[in-house]
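Chemist: mind folding the following:
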Amino acid sequence: MENQPIVLFDGVCNFCDAAVNFVIARDDAGVFRFAPLQSDAGRDLVVKYAIPKNVDSVILIDNDRAFLHSDAALQIAKRLGGGWRLLGIFTLVPRFIRDRAYKLFAKYRYKFFGKKDACMMPTPEIRSRFLA
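Modeler: Here you go, the predicted model:
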């Protein structure tokens, strides 16, 4: 499990929850592991990888490296394979432009999609893919 990519996400964000379920549904090989940022595992990884405290959206830990913002989303899409790899074309867009759009969306995600009072509880079928 040490070499498997880990997706850190905002566990109270409805959009983030849907995004995690989207990845799970398309990750046929079960490569990705998941942890809410609010969990002990999430907080430990944030410290370990010196991720700024103001980053509260998707983070990908892969090959001992933390990918933030649009880089995280594009790396996840790339790892899903199939047609999702085509999203890699957006790496041609300068990061500062991609990240500006990403951060703008992230800023309003609660307004558009809502927020929960607690992190999602994974179903028994996928519980093993979540870090404690």
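Chemist: can you give me the helices in the protein?
Modeler: 14-26, 40-48, 69-80, 95-113 (DSSP state H).
Chemist: most tightly packed of the ones you listed?
Modeler: helix 69-80 (a mean of 20; mean count of other CB atoms under 10 Å). Every residue, glycine included, has its C-beta placed from N, CA and C.
Chemist: make a markdown table out of the helices of the chain and add distance to Asn3.
Modeler: Supplementary listing: those in a markdown table, determined by distance: least, CB to CB, whole Å:
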| stretch | distance to Asn3 |
| --- | --- |
| helix 14-26 | 18 |
| helix 40-48 | 15 |
| helix 69-80 | 13 |
| helix 95-113 | 26 |
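Chemist: tell me which of those sits nearest to Pro5.
Modeler: helix 69-80 (6.3 Å; CB to CB).
Chemist: partner residues bridging Ile61?
Modeler: Ile61 has these beta-bridge partners by DSSP bridges: Ile6, Ala66.
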